[in-house]
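Asks: here you go, sequence then predicted model.
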Amino acid sequence: MVKKLVMAQKRGETRALCLGVAMVVCAVITYYVLVTTLLPLYQKSVWTQESKCHLIETNIRDQEELKGKKVPQYPCLWVNVSAAGSWAVLYHTEDTRDQNQQCSYIPGSLDNYQMARADVEKVRANFQEQQVFFCFSAPPGNETSVLFRRLYGPQTLLFSLFWPTFLLTGGLLIIAMVKSNQYLSILAAQK
């Protein structure tokens, strides 16, 4: 009976150690992926200064108004604001600025033109309703564009690192508990 109990404990300990090691390995792989993908985007983001933006004008540009220019076929919102004492173009996120510099907001669904137009009008109404809001601007000297929301801010980085940290901590705790259990059982067997 004692031998069966020891074998069952050994199998359970082996499985727990494998679980702990697998959790640690997954956490390390996740850290590697985050460090190679998200961290460079966070470091590249220059819009770090939070300031107040005052709405100057909003304009919905349709495809007819943009003929002759290389622009996708969807309605886009153009927003001018006053930030830090100068005129600037407001972009929804860093990606919006990279996708199309002639649009401040690009609708999420581009398949249906009417739905995209309704989405753009809803965002425009929100901006016109709230004339003063917080935005992110670049360091002094490059204030021709500001962001409404940072995609790669500190909160995003911390939230992305939370689960791998939780996984790493859990794996290390499991390994520590199994090893301490093995050590205590060896001490008990020696007495």
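Replies: Arrived safely. All values derive from a computational prediction rather than experimental measurement.
Asks: centroid-nearest residue for the protein?
Replies: Thr156 (4.1 Å; CA atoms, centre = their mean).
Asks: how close does it get to Cys18?
Replies: Distance of Thr156 to Cys18, computed by CB to CB, to the nearest Å: 33 Å. C-beta coordinates here come from the backbone N, C-alpha and C atoms, glycine included.
Asks: how about Glu94?
Replies: Applying CB to CB, the value for Glu94 to Cys18 is 41 Å.
Asks: check Gln49 too.
Replies: Using CB to CB, we find Gln49 at a distance of 49 Å from Cys18.
Asks: okay, the two: which has more neighbours?
Replies: Set Gln49 next to Cys18 and count neighbours by other CB atoms under 10 Å: Gln49 wins out with 15 against 12.
Asks: off-centre distance for the biggest strand by length in the chain?
Replies: Using DSSP state E to define each element, the chain has its longest strand at strand 49-61. Distance, stretch centre to chain centre, for strand 49-61: 23 Å (CA atoms, centre = their mean, to the nearest Å).
Asks: need the next SSE after that strand, C-terminal direction.
Replies: strand 76-83 (DSSP states H and E).
Asks: tell me the angle of that following strand relative to strand 49-61?
Replies: Strand 76-83 runs at 140 degrees relative to strand 49-61, counting by axes from the mean of the first three to the mean of the last three CA atoms, to 10 degrees.
Asks: now strand 76-83: buried residues?
Replies: For strand 76-83, burial by neighbour count (16 or more other CB atoms under 10 Å) applies to 76-79, 81, 83.
Asks: same question for stretch 39-58.
Replies: Buried residues in stretch 39-58, defined by neighbour count with 16+ other CB under 10 Å: 42, 45, 47, 53, 55, 58.
Asks: contacting residues around it?
Replies: For stretch 39-58, the surrounding residues in contact (CB atoms under 8 Å, 6 or more residues apart in numbering) are 77-84, 87-88, 90, 94, 124, 127-128, 130-139, 142, 146-147, 150-154, 156-157.
Asks: buried ones among these?
Replies: 77-79, 81, 83, 88, 90, 94, 124, 127, 135-138, 146-147, 150-153, 157.
Asks: narrow those residues to those in helices?
Replies: Counted as lying in helices by DSSP state H, out of the buried ones among the contacts of stretch 39-58, are 94, 124, 127, 157.
Asks: wait, what's in contact with the last one?
Replies: For Leu157, the set of contacting residues under the criterion of CB under 8 Å, 6+ apart consists of 38-39, 42.
Asks: could I get those as TSV with secondary structure?
Replies: TSV is the format used below for the contacts of Leu157 (DSSP: H, G, I helix; E, B strand; the rest coil):
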residue	secondary structure
Leu38	helix
Leu39	helix
Tyr42	helix
